[in-house]
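[1] Structure for the following, please:
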Amino acid sequence: MIELLVGIFIIAMISGIFLANYRSSDENSKLKNAADKFASDIRLAENYTLGSRKHLAGIDPPDVPSGGWGVYLNIAESAGVYKIFADKNANRLYDSGEEEKEFVLPDGVLFSATTKGDQAVIVFMPPDPDTFINGGRPENITITLHYSRAGTIAYVYVNSEGLVESTY
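    Alright, predicted model coming up:
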């Protein structure tokens, strides 16, 4: 009888440890996937510039934006949303009406900081594409993402040459 109780206790303890780690690893995976997706969307804006993609939203006829393509996020307005936009007026900043697509981070994943303040504007200007961060260059920027219930964070780094990478 004692052996049976010890066996049940061991199985219950191992199951409890597994379930506790499962939730934590699920949150870590969600954060890593969100950081990788955000980095991928920054690269997508860069590829739009390299490929001379036409801006289709609200323009008749569609035209290649003279200022290239970019990514915009504003933590103060909405910490879980970012946009890909066409820089139609070539000012290297995001202006209302330039958005092409809006993306929402998964539930619980938020932007928490950038090294340049509450907002980040990353623009790739043709033909090279040159990289502009918050309207100026050469600069680097690091954007921090975090999972709201866990202490895990991820970083997306963009340098002045357009290199984009995510780290955890």
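[2] measure residue 143 to residue 100 for me?
    Residue 143 sits 19 Å away from residue 100, going by CB to CB, to the nearest Å. All C-beta spots, glycine's among them, are computed from the backbone N, C-alpha and C.
[3] what residues does stretch 69-78 touch?
    Outside of stretch 69-78, the residues within contact range by CB atoms under 8 Å, 6 or more residues apart in numbering are 41-42, 45-46, 48-49, 53, 81-87, 92, 94, 99-100, 111-114, 118-124, 132, 143.
[4] so for that stretch, what's the average pLDDT?
    The average pLDDT within stretch 69-78 is 92.
[5] Show the backbone phi and psi for the residue nearest the centre of the chain.
    In the chain, the centroid-proximal residue (CA atoms, centre = their mean) is residue 38; its distance is 2.7 Å. When read as degrees, to the nearest 10, the backbone of residue 38 gives phi -60, psi -50.
[6] Not counting residues beside it along the chain, what's closest to it?
    Excluding its sequence neighbours, the residue lying closest to residue 38 (CB to CB, 6 or more residues apart in numbering) is residue 156, at 5.5 Å.
[7] Pull the contacting residues for the one you found.
    With the criterion set at CB under 8 Å, 6+ apart, residue 156 makes contact with 35, 38, 39, 42, 142, 143, 145, 164, 165, 166.
[8] The third one contacts residue 166, doesn't it?
    Yes - under the contact definition of CB atoms under 8 Å, residue 39 touches residue 166, with a separation of 4.3 Å.
[9] Torsion angles phi and psi at residue 159?
    Dihedral angles of residue 159 (phi, psi; degrees, to the nearest 10) stand at phi -100, psi 180.
[10] Quick one, grab the pLDDT at the closest residue to it other than its chain neighbours.
    Leaving out its chain neighbours, the residue that sits closest to residue 159 by CB to CB, 6+ apart is residue 140, at 4.7 Å. What the model reports for residue 140 is a pLDDT of 90.
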